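Student: Sequence below, structure please.
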Amino acid sequence: MLNPDDLVARVRRYDPDADVGLVAKAFDFSLEAHSTQTRASGEPYFSHPLEVAGILTDMRLDAASIATALLHDTVEDTVATLDQIDTQFGAEIAQLVDGVTKLTMLEHVRPTKQSREAENFRKLLLAMSNDLRVLIVKLADRLHNMRTLNFIGSTEKRHRIAAETMDIYAPLAERIGMHAIKDELEDLSFAELNPEARESILGRLEYLRTESGDAIAKITSELERTLSSAGLDATAFGREKRPYSIWRKMERKNISFEQLADVMAFRILVEDDDDCYRALGIVHRAWPMIPERFKDFISTPKPNGYRSVHTTVIGPEKRRIEIQICTRDMNEVAEHGVAAHWQYKDGGAIKESAQQFSWIRQLLEMLEHGGHPEEFLEHTKLEMYQDQVFCFTPKGGLIALPRGATPVDFAYAVHTNVGDTCVGAKVNGRIAPLRTALENGDQIEIMRSSAQTPSPTWLYFVVTGKARSAIRRFVRVQQDQQYVDLGSAIVRRAFEQAGHPLNSKALDRALTVLNLKSEEELYAHVGQGFASGKEVVSIVFPAETERRIPSFVRSAIRRVRADKNVDRAIPIKGLIKGVAVHFADCCHPLPGDRIVGILTEGKGVRIHTIDCEILRSLSSSPERWLDVSWDVGPDSQEVHLGRIKVTLSNEPGSLNALTGVIAKNNANITNLKVSNRSDDFFEFLVDVEVRDVKHLTGMIAALRADDGIHKVDRVRA
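Tutor: Okay, here's the model as predicted:
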């Protein structure tokens, strides 16, 4: 175990002006605070903060960070308080310790494991947004915990810690460019989560070494000789890729170990940017390059600050090898990421303001808009986890996005308002669907309209956390308001039918019984289907709870009669489909159909046609039935989904006749499926977008008039 003199000596080696008195003082304070504690390994607990401090000295961090590492567990695990830290070590150290401390007390009464993990990470992000040293110390803390994970007796606990490390801390290390820590965290987690696979890969690597001898040394020597012969001062070194990196590539490309051609990677270090490209030319003249394996991260750096030129060649020993070419400064950033940005002036540490850490601000923007902790954690993982593609704005601006990103993700990356008003996109000058997966080098132009709002369907294909967060936020706000509007209409109709006036005084009893705070909350409660209008009436007027419930048939008839009471129906107006109102897939109701609404708990209202067979199974809960009506003007261009079954003669041109007639009737096919086939006829189920029943029946009549179309019927189930 390190002693204080050793630790101070380490710090002085890279920072002669460091406040080593602060480090020694933190050493003594932590040693005394943890004096009676031991770890699962049986070692004194103090060995853990000391090892964390040692990891940070390898990264050449400032004295404040080293002191924080020594103190980071004292507030949580000992009787020491944050006020004591503040008094003895100052506000800077106290803030760092507070940010790193494991936060277990949550606002939730009974949080799930997932929400606890999400909330802890949320608080960590807030702390590190003020000072990234919080994250660096946290990563060093997690690294030492993973190195000693085998001493924990509970398999479940080890798996939970390893999974959390793989999901959160390794991607975080990668996002701030700390690849050395990222690689070790991943490999240690892999050893716990999939030990058989790791041992298998290690065995194959050992066999490869036995067969090939010291291939890395031979190739490294040949690289340096070739570069030196061309007059370039360069240093080369190589390494085997880590087991988890190999496993992930096998899994991603669906290939076996034997099919991998680049289990070794080599790095060439030179003095400046120009030498990087000189080295690249020398390597390509000496050995043939593999097409589509060249990447230039010097001209387009990764968001975490990583800069290098990558190429793959058939190199020495006739092996396919991956080569990374960078300067020595770039190599320092590649290994230590943000830690490499620390400089020492006048005994203090200052941080470079690096644009590549703007992703933290984007995550904080998500925090400001609320949502569940689990949802925030999902967005964060999306932001951190995926490989990057680089796309350009029409003016040449560079936008980095996760692989698989779409024009909608691009729009939100430019600005939230651009995403909210996106109606279309041009990719490399051509109009493309919004779900198009973008490629490296694509130039994107977003088309906008002030009348546009985010569509809930975008959630099916966007991949960035920022886009998902913004879309969900819009849907959530719209949903809340629609539930209120819907619930208000339901309660108002229920009171009218019961012959009672609706006012705030009448609703006070319902608010008390249902434990709700306001009329708006009550309406939302009803709109979501947690209570019916009749139930609210029965709470306000208990004497009416024994009223006879109409039978299934009578309730159905009452809901569709076209008499003077039709104004009691609740209009479906201005509601976003799939938010508070859902149209049933079993009967595909269209404007003009006689319809009924069924309140579904937690989901709002589902609209059925009155003759839908599924309604019979719902007859036991008539209090959930709502009298609803269409409120669609004659000039409305809103489309709805109708379904038809078409039988076509098995002859050339029949399908063309079908699609042609549909197009001539200004309808749009959204789905087409062969439901039956024979030598003579084919049966198709066709989903079409139409305005109303009249539009659909007119189209069906036109289809029946065509000789090539044998039979057409509307599908109601």
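Student: can you list the weak-confidence ranges in the protein?
Tutor: 1-2, 102-130, 258-259, 261-262, 337-388, 543-579, 619-620, 622-623, 632-636, 717 (pLDDT under 70).
Student: Buried residues, the longest helix along it. List them.
Tutor: As assigned by DSSP state H, the longest helix anywhere in the chain is helix 465-498. Across helix 465-498, burial judged by 16 or more other Cβ atoms under 10 Å covers 465-475, 478-491, 493-495, 498. Where C-beta positions appear, they are placed from N, C-alpha and C, glycine not excepted.
Student: next one: that helix to chain centre, how far?
Tutor: 25 Å (Cα atoms, centre = their mean, to the nearest Å).
Student: tell me what the next helix or strand after it is packed against?
Tutor: Downstream of helix 465-498, the next assigned helix or strand under DSSP states H and E is helix 504-513. Helix 504-513 makes packing contacts with helix 519-527, helix 533-540 when contacts are defined by 3 or more Cβ pairs under 8 Å, 6 or more residues apart in numbering; DSSP states H and E.
Student: In this structure Leu398 contacts Phe410, no?
Tutor: No - with contacts counted by Cβ atoms under 8 Å, Leu398 stays clear of Phe410, the gap being 11.5 Å.
Student: who's more crowded, the two?
Tutor: Neighbour totals were compared for Leu398 and Phe410, and Phe410 leads with 28 against 11 (other Cβ atoms under 10 Å).
Student: The residue nearest to that one when sequence neighbours are not counted: which element?
Tutor: Nearest residue to Phe410 in three dimensions, chain neighbours excluded: Ile444, at 4.9 Å (Cβ to Cβ, 6 or more residues apart in numbering). When elements are assigned from DSSP H and E, Ile444 belongs to strand 444-448.
Student: Please save the CA atoms from that strand in CSV.
Tutor: Only the C-alpha atoms of strand 444-448 are listed here, as CSV (Å, rounded to 0.1, in the frame of the first residue of the first chain):
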residue,chain,number,x,y,z
ILE,A,444,-28.5,17.5,-45.1
GLU,A,445,-31.0,20.3,-45.8
ILE,A,446,-34.0,20.4,-43.5
MET,A,447,-37.3,21.7,-44.8
ARG,A,448,-39.5,23.4,-42.2
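Student: who does it touch, helix- and strand-wise?
Tutor: So strand 444-448, by 3+ Cβ pairs under 8 Å, 6+ apart, packs with helix 407-414, strand 422-427.
Student: Looks like Leu434 contacts Val427 (just checking).
Tutor: No - under the contact definition of Cβ under 8 Å, Leu434 does not touch Val427, with a separation of 10.3 Å.
Student: circling back: could you list the residues in contact with the strand holding Ile444?
Tutor: 391-394, 399, 407, 410-411, 414, 418, 421-427, 429, 438 (Cβ atoms under 8 Å, 6 or more residues apart in numbering).
Student: Count residues in the vicinity of Phe294, would you?
Tutor: Around Phe294 there are 14 residues (other Cβ under 10 Å).
Student: got it, and Glu332?
Tutor: 15.
Student: Could I get the phi/psi values of it?
Tutor: phi -60, psi -40 (degrees, to the nearest 10).
Student: related to what we said a few turns ago, format the helices and strands packed on helix 504-513 as TSV; extra columns: distance to Gly698.
Tutor: Listed next are these as TSV, based on distance: least, Cβ to Cβ, whole Å:
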stretch	distance to Gly698
helix 519-527	35
helix 533-540	37
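Student: Could you save the ones you listed as CSV and add columns showing distance to Leu208 and mean neighbour count?
Tutor: Output for the helices and strands packed on helix 504-513, formatted as CSV (distance: least, Cβ to Cβ, whole Å; neighbours: other Cβ atoms under 10 Å):
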stretch, distance to Leu208, mean neighbour count
helix 519-527, 63, 21
helix 533-540, 71, 21
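Student: Pull out the buried residues from the strand holding Ile444.
Tutor: Neighbour count says strand 444-448 has Ile444, Glu445, Ile446, Arg448 buried, by 16+ other Cβ under 10 Å.
Student: chain center to it: distance?
Tutor: Strand 444-448 sits 23 Å away from the centroid of its parent chain (Cα atoms, centre = their mean).
Student: okay, the angle between that strand and strand 422-427?
Tutor: 160 degrees (axes from the mean of the first three to the mean of the last three Cα atoms, to 10 degrees).
Student: Note down every partner strand of strand 444-448 and its orientation.
Tutor: Take DSSP bridges as the rule and strand 444-448 pairs in its sheet with strand 422-427 (antiparallel).
Student: Next, the angle from the strand it pairs with to helix 407-414.
Tutor: Using the same axes, to 10 degrees: strand 422-427 against helix 407-414 is 100 degrees.
Student: picking up where we left off before, of the helices and strands packed on strand 444-448, flag the one that's most buried.
Tutor: helix 407-414 (a mean of 26; mean count of other Cβ atoms under 10 Å).
Student: which helices and strands sit right next to that one?
Tutor: So helix 407-414, by 3+ Cβ pairs under 8 Å, 6+ apart, packs with strand 398-402, helix 416-420, strand 422-427, strand 444-448, helix 465-498.
Student: Using JSON lines, lay out these together with distance to Ile662.
Tutor: JSON lines is the format used below for those (distance: least, Cβ to Cβ, whole Å):
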{"stretch": "strand 398-402", "distance to Ile662": "37"}
{"stretch": "helix 416-420", "distance to Ile662": "33"}
{"stretch": "strand 422-427", "distance to Ile662": "24"}
{"stretch": "strand 444-448", "distance to Ile662": "27"}
{"stretch": "helix 465-498", "distance to Ile662": "31"}
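Student: Ala80: which of the ones you listed is closest?
Tutor: Closest of the helices and strands packed on helix 407-414 to Ala80 is helix 465-498, at 36.6 Å (criterion: Cβ to Cβ).
Student: which other helices and strands contact that closest one?
Tutor: helix 358-368, helix 373-385, helix 407-414, helix 416-420, helix 519-527, helix 533-540, strand 570-572, strand 604-609.
Student: what is the orientation angle of the third one with strand 398-402?
Tutor: With the same axes, to 10 degrees applied, the angle from helix 407-414 to strand 398-402 works out at 120 degrees.
Student: and helix 407-414 with helix 465-498, angle?
Tutor: Using the same axes, to 10 degrees: helix 407-414 against helix 465-498 is 100 degrees.
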